[in-house]
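# The sequence and its predicted three-dimensional model are supplied below.
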Amino acid sequence: MILIVLRRLIQSIVVLFLVALISFLIFRFVGNPVDNLLGQEATVQQRADLEEALGLNQPIYEQYISFVWNALRFDFGNSYRGALPVAELISSRLPATLELALVSALFAVFVGVTTGVYTAIRRNSFLSKLILSVSLIGVSLPTFLIGVLLIWIFAVELRWLPSFGRGEVIQIGWWSTGFLTVTGLKSLILPGITLGLYQLTLIMRLTRSEMLEVLNQDYIRFVRALGLSDRKVHFNHALPNTLVPVITIAGLQLGSIVAFAIITETVFQWPGVGLLFINSVYFVDIPVMSAYLLLVGGLFVIINLIVDLLYLAIDPRIRDNQLMGEA
Amino acid sequence: MDRFLHSDLFYDFVRSPIAVISFVLVSTLILLAVFANFIAPTNPFDPASLNLMNGFTAPLEPNAFTGEVFLMGTDDQGRDLFSAILFGLRVSLFVGLMAVALATGIGVFLGLLAGYIGGWLDSLIMRLADIQMTFPSILIAMLIYGVARGVLPPELRDEMAISVLILSIGLSEWVSIARTVRSSTLVEKEKEYVAAARLIGLNHFRIMLRHILPNVLSPVLVIATITLALAIIAEATLSFLGVGAPPTKPSLGTLIRVGQDFLFSGEWWILLFPAITLLLLALSVNLFGDWLRDTLNPRLK
């Protein structure tokens, strides 16, 4: 068991170093820091001095090591645009993205589980069929079109909700929050729905199929025979057993939230990390790109590691297979 | 042809309304895109053909100044939207098809190598695929796009944007194809005809390309069709975000991006028609791919 955990850990660290290598190569060779800092007219002597100062004349592996070391201390160099430290830029934008992700995840889990349970219990009702067909359309719409359509309906035609930005935010230390003002909360609704919709349909379908499976099992028939009310059967006995796979799949999908967040933030001009990244791609702001790659890569590796280890802990069959593979 | 008309595939095709409808839709859209020069009433990118007075004409309503009527209306510069959509469709389809061709080429090549040769090469390629799989492909496409822009000198960036787009989407979608080819190759290479080919002294490359490849192609066809739908959506998304097709060569995604700006002033058609076209395209390719998968290779489900 310890051996497997150790092997997974080592694998993750290798992947992390690989991601770091790619982002180092992008940082060092795609954007040439000397050209960007000095411009075209610099003399050879100036260039040499700057290379010396930045450590660019050291052997390449030493530069890589110092890149990784700096990254571990959240030092990613300066953005080409505005010359602000990248770490500062990212940390100022992180609260916006995290709040949006939180709202969309809550929305997706809450509505997804509710509709999933409903469509499983009332399988043949008109509403269930309606929900299922709407969700099918929802899956085939690209995220950015969903966002644009929501803006059209709720911001342009009905004028209920704002179409861009975070509204008023309140600063608490380095964290800026939109949870405490009316405009801030209103601004969260449309982007939250846009970002959460895909996960919602996924969670709903999964909950529904798991629920249908569980409802057919003997222990459910047994508690029904005991004379418990439908309500108790569904919510106290059936639902908890459907949640384990739902939670793991939702966890694995966290990675795709990062990608969808970039799209959502662009549609709604949401001042988060995703918008920062897409702007850095557009303006070829290499340090921001490489820092973003490093952070997202780290996040994905950690998520995958946790999910893998959780599986090992939950399902003994996987554990045994692994051990057999070992021998 | 006669053989095709009597095949199982054709039999299934005729009996599935979804397959027929989606096939007709896809072919219509492809024909519209290919013959855009002849079908489009105007050339939307010839400044001489534009009349600013025609700006913001609603669909099928005569313009207040010139009295001209446009099927889908015009944009701010008086460009006929129907023509712009036909040419946008052409860009979207071209990028999608080329990206899938690239992804299929890479995927088939690496999958064959990994499956046939095996050993450390197999583990290397498959580990790479695993790592890439953990990242959403649209994110990888964005990164490749950004890096390619960084490598190119600024004056070439717009000119090369379409090629860069193809490269970034193609490189982000090869994994699923490589995996499928590898697993089919693993099965095929144990069969007797491969042993026979080896026995008469054919070299490995010949065996891979002439003997194994034709036998692993049918699942590739299915995955390539489904990947085409993904690639079209990915292209539209990138272009919508402003990191795809340039404004001088707009795809459907670029048109939607432009249309979004005019929503607030009430010109809904500039957004709606490109969006519907994109949806029809993506949906019909997707449905056709699903049908192909269910018919040719139900196991892939």
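Alright, I've got the coordinates.
# Quick check: closest non-adjacent residue to residue B:271.
residue B:259 (3.1 Å; CB to CB, 6 or more residues apart in numbering or on different chains). (C-beta placed from N, C-alpha, C; glycine too.)
# Helix or strand for the one you found, just tell me which one.
Assessed by DSSP states H and E, residue B:259 sits inside helix B:252-261.
# Which strands or helices does the next helix or strand after that helix pack on?
Next helix or strand after helix B:252-261 toward the C-terminus (DSSP H and E): helix B:269-296. In terms of contacts (3 or more CB pairs under 8 Å, 6 or more residues apart in numbering or on different chains; DSSP states H and E), helix B:269-296 is packed against helix A:126-140, helix A:143-150, helix B:8-14, helix B:17-34, helix B:81-117, helix B:213-241, helix B:252-261.
# relative to helix A:126-140, how tilted is helix B:269-296?
100 degrees (axes from the mean of the first three to the mean of the last three CA atoms, to 10 degrees).
# If you count neighbours, what's buried in helix B:269-296?
For helix B:269-296, a neighbour-count test (16 or more other CB atoms under 10 Å in any protein chain shown) marks B:269-275, B:277-296 as buried.
# still on that earlier bit, which ones are touching the residue nearest to residue B:271?
B:75, B:267, B:270, B:271, B:272, B:274, B:275 (CB atoms under 8 Å, 6 or more residues apart in numbering or on different chains).
# so who does the last one touch?
In this structure, residue B:275 makes contact with A:145, A:148, B:256, B:259, judged by CB under 8 Å, 6+ apart.
# what about 10 Å?
A:141-142, A:144-145, A:148-149, A:152, B:236, B:252-253, B:255-256, B:259-260 (CB atoms under 10 Å, 6 or more residues apart in numbering or on different chains).
# same deal with the fifth one?
Remark: with contacts taken as CB under 10 Å, 6+ apart, residue B:272 is in contact with A:149, A:152, B:59, B:72, B:73, B:81, B:256, B:259, B:263.
# What score does the closest residue to the second one other than its chain neighbours have for pLDDT?
This points to residue A:152. Nearest non-adjacent residue to residue A:152, counting by CB to CB, 6+ apart: residue B:263, 5.6 Å away. The model reports residue B:263 with a pLDDT of 80.
# what's the distance between the residue of chain A positioned farthest from its centre and chain B?
Largest separation from the mean C-alpha position in chain A: residue A:45, at 45.7 Å (CA atoms, centre = their mean). Residue A:45 sits at a distance of 26 Å from chain B (criterion: CB to the nearest CB, to the nearest Å).
# follow-up on the earlier one: buried residues of the helix holding residue B:259, list them for me.
Per 16+ other CB under 10 Å, helix B:252-261 contains these buried residues: B:252, B:253, B:254, B:255, B:256, B:257, B:258, B:259, B:260.
# hey, C-alpha coordinates of it in PDB?
This file holds the C-alpha atoms of helix B:252-261, laid out as PDB (Å, rounded to 0.1, in the frame of the first residue of the first chain):
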ATOM      1  CA  LEU B 252     -17.900  31.600 -37.600                       C
ATOM      2  CA  GLY B 253     -16.400  32.200 -34.200                       C
ATOM      3  CA  THR B 254     -15.000  35.600 -35.200                       C
ATOM      4  CA  LEU B 255     -18.400  36.600 -36.600                       C
ATOM      5  CA  ILE B 256     -20.100  35.600 -33.300                       C
ATOM      6  CA  ARG B 257     -17.500  37.700 -31.400                       C
ATOM      7  CA  VAL B 258     -18.200  40.700 -33.600                       C
ATOM      8  CA  GLY B 259     -22.000  40.100 -33.300                       C
ATOM      9  CA  GLN B 260     -21.800  40.100 -29.500                       C
ATOM     10  CA  ASP B 261     -20.800  43.800 -29.600                       C
END
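# Below-threshold pLDDT in the chain: ranges please.
Picked chain A for this. A:31-41, A:82, A:314-327 (pLDDT under 70).
# nope, chain B please
For chain B (pLDDT under 70), the answer is B:1, B:47-56, B:60, B:63-67, B:69-70, B:78, B:297-301.
# Not counting sequence-adjacent ones, nearest residue to residue B:186?
residue B:115 (4.9 Å).
# Contacts only, for that neighbour.
Residues near residue B:115 by CB under 10 Å, 6+ apart: B:122, B:125-126, B:178-179, B:181-189, B:208, B:212, B:216.
# ok, now with 6 Å
Residue B:115 makes contact with B:182, B:185, B:186, according to CB atoms under 6 Å, 6 or more residues apart in numbering or on different chains.
# Same question for residue B:168.
Contacts of residue B:168 (CB under 6 Å, 6+ apart): B:141, B:144, B:145.
# of those residues, closest to chain A?
Nearest to chain A, judged by CB to the nearest CB, of those is residue B:145 at 6.2 Å.
# Scan chain A for its longest helix.
Ordering each helix of chain A by length in residues (DSSP state H) puts helix A:86-121 first.
# Of all the residues in it, which ones are buried?
Quick answer for helix A:86-121 (16+ other CB under 10 Å): A:86-87, A:89-90, A:92-97, A:99-101, A:103-105, A:107-109, A:111-113, A:115-121.
# leaving aside the residues next to it on the chain, what's closest to residue A:122?
Residue A:122 sits nearest to residue A:128 (CB to CB, 6+ apart), 5.4 Å away.
# Who wins on neighbours among the contacts of residue B:272?
residue B:256 (27 neighbours; other CB atoms under 10 Å in any protein chain shown).
# what sits against that residue?
Applying CB under 6 Å, 6+ apart, the residues near residue B:256 are B:240, B:274, B:275.
# ok, now residue A:110?
Taking CB under 6 Å, 6+ apart as the test, residue A:110 contacts no residue whatsoever.
# Roughly how far does it sit from residue A:103?
As for residue A:110, its distance to residue A:103 is 11 Å (criterion: CB to CB, to the nearest Å).
# Same question for residue A:152.
21 Å.
# circling back: residue contacts, the residue nearest to residue A:152?
Taking CB under 6 Å, 6+ apart as the test, what residue B:263 contacts is A:152, A:156, B:271.
# Done for today, thanks.
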